[in-house]
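Undergrad: I would like to see how this sequence folds:
(4 chains)
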There are 2 protein chains.
Amino acid sequence: MRILYVEDEKYLAEAVIHLLKKEKINVDWAADGEEGLELALKPNYDVIVLDIMLPKLSGLDILQTVRGRGIKTPIIMLSALNEVEDKIKGLDYGADDYLAKPFKTAELIARLRALVRRPALAEVEKLEYEDLKLDLTNRTLNGSELTDKEAGIMEMLMRTPGSAITKEQILAHVWGLDSEFEENYVEVYVSYLRKKLKSLKSKVQIKTIRNLGYKLCLES
Amino acid sequence: MRILYVEDEKYLAEAVIHLLKKEKINVDWAADGEEGLELALKPNYDVIVLDIMLPKLSGLDILQTVRGRGIKTPIIMLSALNEVEDKIKGLDYGADDYLAKPFKTAELIARLRALVRRPALAEVEKLEYEDLKLDLTNRTLNGSELTDKEAGIMEMLMRTPGSAITKEQILAHVWGLDSEFEENYVEVYVSYLRKKLKSLKSKVQIKTIRNLGYKLCLES
DNA sequence: TGTCCAGTTTAAGATTGTTTTAATGCAAGT
DNA sequence: ACTTGCATTAAAACAATCTTAAACTGGACA
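TA: Okay, the predicted model is just below:
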């Protein structure tokens, strides 16, 4: 699960992110409203968590803009004050949940999980392609264990069986947007995955399309 | 997704186009207002991005003419100055969004996606002409793989069935905007494509029009 | 606090497919 | 028949990608 967390209090953000990581939740962090909006418009997240009081643009502004563009990603609003006012506005503008500050991270995690499990956007726990079966809950591919990154790449490949995906797309989804990541990361992990596919004796291969990206296909 | 980008600053355009391509957004570039208008009137684009300050015809002129003809393609205006004036005019004349220069390409991408509302993944772009089917996401022609340049040329030919395109146009499009490139490149690749068409047993041929360029047609 | 460990990042060299080059052959128009 | 423009090849140059192994990291645990 990858979420966007827009929060200007750095130390709070760091603490929360730390705990979310332990729960295997990937977080992209934005420190102000402008950056938050920019990231929120990317089709990259399972949930967006918005503080209301923010520099430059408020969480409500972001919410409104995002919903105005027809983006339906679940959104949780956070409010420093337990103002009923804000709560009502947020839900009016199409927020999916609301959490009063201060909150326990466990509470946030519970709500994140609840939102992601909703039928409309339910996460598929298992993906199949030909003789491959990827289990996302255990992170196994036909029984053999994968690392985080391996599983992330495999998931993307298996979700788009017909078409190729670029290294940039993989970087954005699997590594996140924190800094400048290298395309070589993807190449290294594709190499690991190929080795794994071979050792599983799968018929499936990861095909390189130069200057474009990767796709799954059956061995020629 | 295919967009038209009208922008006179060549190096900016190159940089932006490079990044958009990696996001699988196809870009037609026009360097001045006249060319921009001509292309904008073709029903070829999902979004049109217009710089305001342009040689020959301003972005606002283009906007006005395009909307005057009843064309509803979403339009994003770019302004070098963050002039409120321009912004208001643009939105008045029927622009759908507005972006102040300088902008981050990520921001532009986000807004493009928001306007088109198509998720980045799972987009399969296909072009057809007679018995040919070109799949841009996988870069295949009737199943057989093409290289970058081959696919680029084939795409141009298939987007303008009927009319011929010049070697200069192909160079500009497929090789890039810096035209220190040789026309022989195009000839070489047209030769490769012909070979490929023959091996696919297609009825379609690439016809040479001397001193002009190439077009697709059925074998005589 | 230190050590271990799985996972990740870095970097360099090997490899491969694509692009460019360039020489030659062919066809059309005058 | 001659000139110019185009077609075709194959080899050389190039760049993207692969692979490997070593260095690093942060968490778990003593």
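Undergrad: What count of nearby residues applies to A:G33?
TA: 25 (other CB atoms under 10 Å in any protein chain shown). The C-beta positions use only the backbone N, C-alpha and C, and glycine is treated the same way.
Undergrad: ignore the last one, A:E35
TA: Count around A:E35 with other CB under 10 Å applied: 18.
Undergrad: Same question for the one 3 residues further on.
TA: Neighbouring residues of A:E38 were enumerated by other CB under 10 Å; the total is 19.
Undergrad: so what's the nearest residue to A:Y185 once chain neighbours are set aside up against?
TA: In this structure, A:Y185 finds its nearest non-sequential neighbour in A:W175, 6.6 Å apart by CB to CB, 6 or more residues apart in numbering or on different chains. Residues counted as contacts of A:W175 (CB atoms under 8 Å, 6 or more residues apart in numbering or on different chains) are A:K149, A:F181, A:Y185.
Undergrad: Likewise for A:M154?
TA: A:M154 neighbours (CB under 8 Å, 6+ apart): A:L134, A:L141, A:L146, A:L193.
Undergrad: Check A:E38 too.
TA: A:A30, B:K104, B:A106, B:E107, B:A110.
Undergrad: Including pLDDT and secondary structure, could the residues you listed go into JSON lines?
TA: Formatted as JSON lines, those follow (pLDDT from 0 to 100; DSSP: H, G, I helix; E, B strand; the rest coil):
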{"residue": "A:A30", "pLDDT": "90", "secondary structure": "strand"}
{"residue": "B:K104", "pLDDT": "79", "secondary structure": "coil"}
{"residue": "B:A106", "pLDDT": "76", "secondary structure": "helix"}
{"residue": "B:E107", "pLDDT": "79", "secondary structure": "helix"}
{"residue": "B:A110", "pLDDT": "77", "secondary structure": "helix"}
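Undergrad: Report the buried members of these.
TA: The neighbour count (16 or more other CB atoms under 10 Å in any protein chain shown) marks A:A30, B:A106, B:E107, B:A110 as buried among the contacts of A:E38.
Undergrad: For those residues, give me a markdown table that also has distance to DNA strand C.
TA: As requested, these are exported to a markdown table (distance: CB to the nearest atom of the strand, whole Å):
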| residue | distance to DNA strand C |
| --- | --- |
| A:A30 | 19 |
| B:A106 | 20 |
| B:E107 | 25 |
| B:A110 | 24 |
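Undergrad: Tell me which residues touch A:K24, please.
TA: Applying CB under 8 Å, 6+ apart, the residues near A:K24 are A:M1, A:D148.
Undergrad: Could you tell me how many residues sit around the residue nearest to A:L141 when sequence neighbours are not counted?
TA: Residue nearest to A:L141 in three dimensions, not counting chain neighbours: A:L134, with 5.2 Å by CB to CB, 6+ apart. A:L134 sits with 22 neighbouring residues when counted by other CB under 10 Å.
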